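Chemist: can't give you the sequence, but here's the structure:
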């Protein structure tokens, strides 16, 4: 039987962890989207150095575990005098890690937009940047909404990495509750429920938009 007293007795810690998980996830979601979009544009820009920089970023961060990236921002930078608290370090790590996947998704969307769209935009007097901003990117993002949604869901789940650097998130608070109560299984079951509260609406939202896009096409 589940011991619901674990939840009621430590509800303040659960809610504190839930709040910090939401904050970190939202900040990382917004920042990774804009950073990923920038990297995607760099990867297909008609300037070779930008292509190389974008490719290096994607291959570097996409192929390094998010745990290592988190340790770099929390422990590595602290060793040279640049110190971040756990919440900040974890949020930055989530941002740069997720941005590499978002960049690839958006790049695929840009490639899927017919080349004639860019040519028509340029012939109408728009600069390359204006055409990309107002014509190409809106279409590309619409195409890749489903994979972007999946990346956002993964981001929320990956936010549990904050727990290893005292990020005050759900996992950190769960470890604290487990240490105080000498209970393990029930503590983490309730943590799983809190994560489901975040991920299920996101999953349903992605499915909804995917169906809307399918009908509109």
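Modeler: Nice, thanks for sending it over. The structure presented is a predicted model; accordingly, all values stated were derived computationally and were not measured.
Chemist: hmm, residue 35 and residue 95 touching each other?
Modeler: Yes - the pair formed by residue 95 and residue 35 meets the contact definition of C-beta atoms under 8 Å, at 6.5 Å. No exception for glycine: its C-beta is placed from N, CA and C like everyone else's.
Chemist: list the contacts of stretch 108-127.
Modeler: 40-41, 44, 128, 130-132, 134-137, 139-144, 147 (C-beta atoms under 8 Å, 6 or more residues apart in numbering).
Chemist: ok, and for it, which residues are buried?
Modeler: Across stretch 108-127, burial judged by 16 or more other C-beta atoms under 10 Å covers 109-110, 113, 118, 121, 126.
Chemist: then stretch 26-34?
Modeler: So for stretch 26-34, counting by 16+ other C-beta under 10 Å, buried means 27-29, 31-33.
Chemist: save the residues you listed as JSON lines, and put in secondary structure too.
Modeler: Shown next, in JSON lines, are these (DSSP: H, G, I helix; E, B strand; the rest coil):
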{"residue": "27", "secondary structure": "helix"}
{"residue": "28", "secondary structure": "helix"}
{"residue": "29", "secondary structure": "helix"}
{"residue": "31", "secondary structure": "helix"}
{"residue": "32", "secondary structure": "helix"}
{"residue": "33", "secondary structure": "helix"}
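Chemist: out of these, flag the one nearest to residue 162.
Modeler: Ranking these by separation from residue 162, with C-beta to C-beta as the measure, puts residue 28 on top at 10.1 Å.
Chemist: what helix or strand does the closest residue to that closest one other than its chain neighbours sit in?
Modeler: Spatial nearest neighbour of residue 28, excluding adjacent residues (C-beta to C-beta, 6 or more residues apart in numbering): residue 94 at 3.9 Å. Under the criterion of DSSP states H and E, residue 94 resides in helix 86-112.
Chemist: report the buried residues of that helix.
Modeler: Result for helix 86-112 [16+ other C-beta under 10 Å]: buried residues 86-107, 109-110.
Chemist: burial measure for residue 209, as a count.
Modeler: Neighbour count of residue 209, defined by other C-beta atoms under 10 Å: 15.
Chemist: name the element it belongs to?
Modeler: helix 185-216.
Chemist: which residues touch stretch 168-186?
Modeler: Under C-beta under 8 Å, 6+ apart, the answer for stretch 168-186 is 2-3, 6, 9-10, 13-14, 16-18, 20-21, 24, 86-87, 90, 159-160, 162-164, 166, 187-188, 190-191, 194-195.
Chemist: low-confidence ranges, this structure, go.
Modeler: 214, 216-217 (pLDDT under 70).
Chemist: quick check: the residue nearest to the spatial centre of the chain vs residue 101, distance?
Modeler: With distances taken as C-alpha atoms, centre = their mean, residue 155 lies nearest the centre of the chain, 3.9 Å away. Noted for residue 155: a distance of 9 Å to residue 101, by C-beta to C-beta, to the nearest Å.
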